[in-house]
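*Asks:* model this:
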Amino acid sequence: MFIYALLWQLVVSESLILTYVVYREEGLEMSKKVMLVVLIVLACAVSSCKGVSSDNYDKLKVGMEFDAVSSILGKPDNCRAVLNMKNCIWTDGEQEIRIKFAAEQVVFTASRGL
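*Replies:* Take a look at the predicted model:
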């Protein structure tokens, strides 16, 4: 978890440096500078918030609805439904989060490699 915090700080600091460099660039129109800054910030926010991580796994709770889980982890890599049960898997390399849903609510969570 400490490694993730260090990586997150590196991503944030690099994106802030890149944003500052783009903003200070001479020869670019202000509208282009603003658009680039917004794109950099959005790209960092989207790529860092969702996905398979121990921090996101810790946010999962029994009883959460599928949509709430998807807002944390993103779209599952695989889901299989039988009757009223659904088994979904989110993966990122060797890391994996498995969740069982009953009536679209979490009943079981498991992880590997986090």
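*Asks:* Show me this structure divided up by domain.
*Replies:* 2-49, 54-112 (automatic domain parsing).
*Asks:* which of the ones you listed has the lowest average pLDDT?
*Replies:* Of all the domains of the chain, the segment with the smallest mean pLDDT is domain 2-49, scoring a mean of 61.
*Asks:* And V52, how close does it get to W90?
*Replies:* From V52 across to W90, the span is 5 Å (CB to CB, to the nearest Å). Placement of C-beta: from N, CA and C, glycine included.
*Asks:* Give me the common contacts of these two.
*Replies:* L73, E96, I97 (CB atoms under 8 Å, 6 or more residues apart in numbering).
*Asks:* Inside strands: which ones of these?
*Replies:* E96, I97 (DSSP state E).
*Asks:* okay, the shared contacts of V52 and W90 in JSON lines with distance to V82 next?
*Replies:* JSON lines is the format used below for these (distance: CB to CB, whole Å):
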{"residue": "L73", "distance to V82": "21"}
{"residue": "E96", "distance to V82": "20"}
{"residue": "I97", "distance to V82": "20"}
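*Asks:* can you give me the helices for this structure?
*Replies:* 2-24, 30-49, 54-59, 66-73 (DSSP state H).
*Asks:* tell me what the third one is packed against?
*Replies:* In this structure, helix 54-59 makes packing contacts with helix 66-73, strand 105-112, judged by 3 or more CB pairs under 8 Å, 6 or more residues apart in numbering; DSSP states H and E.
*Asks:* Run through the neighbouring helices and strands of the last one.
*Replies:* In terms of contacts (3+ CB pairs under 8 Å, 6+ apart), strand 105-112 is packed against helix 54-59, strand 95-102.
*Asks:* Give me the buried positions along it.
*Replies:* Neighbour counts over strand 105-112 (16 or more other CB atoms under 10 Å) mark V106, S111 as buried.
*Asks:* same deal with the first one?
*Replies:* Buried residues in helix 66-73, counting neighbours by 16+ other CB under 10 Å, are found at F66, A68, V69, I72, L73.
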